[in-house]
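S.K.: no letters, just coordinates:
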């Protein structure tokens with residue numbers, strides 16, 4: 001009886017952890033989609049300041065909260081290309 005209760009408690013705990021993990025992952029995926037869309041939109045609309053802000057957020061979420069040097073270079077390049085052609 002006690003072993004059965006322990007097994008049930010363990011299964012409930014595992015289900016709870018799985019649910020929390022999947023919920024957090026879905027939220028992160030949704031944030032990435034939204035930021036990617038907003039970044040592209042800002043680049044196409046010519047809003048350099050907003051594009052830079054959203055671009056930083058987008059690259060940061062891809063890397064777990066920190067942009068790499070390559071991300072910084074990619075962001076600078078994308079902004080330079082989009083806003084050089086807009087001038």
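M.R.: Cool, got the structure. Keep in mind the model is a prediction, meaning the values are calculated, not measured. Residues are numbered from 1 along each chain as shown.
S.K.: contacts and neighbour counts: CA atoms only from here.
M.R.: Will do.
S.K.: how far is stretch 43-59 from where the chain is centred?
M.R.: From the chain centre to the centre of stretch 43-59 is a distance of 14 Å (CA atoms, centre = their mean, to the nearest Å).
S.K.: what are the buried residues along that stretch?
M.R.: Residues 43, 48, 50-52, 54-59 are the ones in stretch 43-59 that count as buried (16 or more other CA atoms under 10 Å).
S.K.: let me see the mean pLDDT of that stretch.
M.R.: Stretch 43-59 carries an average pLDDT of 91.
S.K.: quick revisit: ok, the buried residues of stretch 43-59 vs residue 28, which is closest?
M.R.: residue 58 (10.9 Å; CA to CA).
S.K.: could you find the closest non-adjacent residue to that closest one?
M.R.: Leaving aside its sequence neighbours, residue 58 sits nearest to residue 35 (CA to CA, 6 or more residues apart in numbering; 5.4 Å).
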